[in-house]
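>>> Generate a structure from the sequence data that follows.
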Amino acid sequence: MYLLSHFRERNFMRIKHLLLLLAVLPLLAILLLYSSSGSIVEITPSDEEWIMVGAYVDDSWFQEIYGVNTKDPQQLVLDAAPIGNEPDWSPDGQWVAYDNFGFVKGLSAIYLEKNDRARKIKVADGYAPVWSPNGNQIAYKFRDDIYLLNVECFIESRFCDLNPSFVTTGNNPSWSPDGDKIVFEREYDIYTINMVTFESVEVFAPLDGGCRKPDWSITNKILMACWGEYQGLYVINSDGTDITKFDNGDLGWESPKWSPSGEKIAFVDYLTISSVEGSTSVVYVMDSNGDNLIRLTEHDNYSIAWFTWIPPFTKPEICTVFCK
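The predicted structure is shown next:
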């Protein structure tokens, strides 16, 4: 009798485990499918060739948009299609976020646009959107505050909260490689904020002068342009340690940006600064250690409004956002 009861109990446990496995398998399959659907394309330094530039020529009100090859600055894509200001590509290269000034409301609005221009969605009022590393959110600035928006709601037409959420007071956000934090500037001091606890930590605050446009690389270094006692371009750890200055010679530094792989740095140098006749500026690129400095834009009458690294899967020769 004991053997029969033990046999039944063992079979019951096997059936129970089998039923549990059958119940879990669909969930595992869904999780696997979800994680693979948003896969991020790996980018190597050899892939990084193009920078997209928006510039004003002389006193023109309208920008000229063009692409320049970082390995061969003479190779240009001229007269490219307009794409707004401060474009930033999603990690999978399928979408681009940017802002456009609206003359009716007098505000800039943020748009998401499919890389093949098949869809265009207005998502919020604001400026300078930046994608999170997982491609699910964008951070952006509106007036002097930073906001967060779940873009999955718009892209995949999900039923979820479409309203942006306030993050902190500050400007020019940039995501950490793991998406857990954002670096930003507040009154020209550099801070990071934890995106779970929303606790902010001061990274760098010079007593004389200030720093702007922090950019967090995939190699976990923060790039920033400073003036005053710290005039120049600096790289620093996220905890405020190991600050290093690049030898800039006679060049100025503005709006520095890491390449997607973190192996190169591009920045703007102002040739002239004038409130009457307007400013003229050019874009330079160099290795992450400051070597191999190359001037990319050759036009001395251009004023650079913005520039951005173009992911290799949206190169202009395959005619994506560059097509009119």
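>>> Hmm, F166 is touching D144, no?
No: using C-beta atoms under 8 Å, F166 is not in contact with D144, being 11.7 Å away. The C-beta positions use only the backbone N, C-alpha and C, and glycine is treated the same way.
>>> can you give me the helices for the stretch 151-300 of the chain?
152-155 (DSSP state H, counting those that start in this stretch).
>>> any weak-confidence spans in the stretch 201-324 of the chain?
By pLDDT under 70, the weakly predicted segments of the stretch 201-324 of the chain are 248-250, 273-278, 312-324.
>>> Walking through it, point out its strands one by one.
209-216, 221-228, 232-237, 244-245, 254-258, 264-272, 280-287, 294-295, 302-309 (DSSP state E, counting those that start in this stretch).
>>> is it possible to export those strands to CSV including mean neighbour count and distance to A81?
What follows is these, written out as CSV (neighbours: other C-beta atoms under 10 Å; distance: least, C-beta to C-beta, whole Å):
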stretch, mean neighbour count, distance to A81
strand 209-216, 20, 26
strand 221-228, 21, 29
strand 232-237, 20, 32
strand 244-245, 13, 39
strand 254-258, 20, 22
strand 264-272, 19, 22
strand 280-287, 20, 20
strand 294-295, 14, 25
strand 302-309, 21, 15
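>>> right, so of those strands, which gets closest to L162?
Comparing the strands of the stretch 201-324 of the chain by their distance to L162 (C-beta to C-beta), the top pick is strand 302-309, with 26.1 Å.
>>> Also compute the angle for the closest one relative to strand 254-258, please.
Angle between the axes of strand 302-309 and strand 254-258 is 20 degrees (criterion: axes from the mean of the first three to the mean of the last three C-alpha atoms, to 10 degrees).
>>> who's in contact with strand 302-309?
48, 50-57, 63-64, 85-89, 255, 257, 259-260, 266, 268, 278-283, 297 (C-beta atoms under 8 Å, 6 or more residues apart in numbering).
>>> hmm, which of the residues you listed are the buried ones?
Using 16 or more other C-beta atoms under 10 Å as the burial test, the contacts of strand 302-309 include 48, 50-56, 63-64, 85-89, 255, 257, 259-260, 266, 268, 280-283, 297 as buried.
>>> Past the strand or helix carrying Y111, which element shows up next along the chain?
Here Y111 sits within strand 107-114, counting by DSSP states H and E. Sequence-wise, the next helix or strand downstream of strand 107-114 (DSSP H and E) is strand 120-125.
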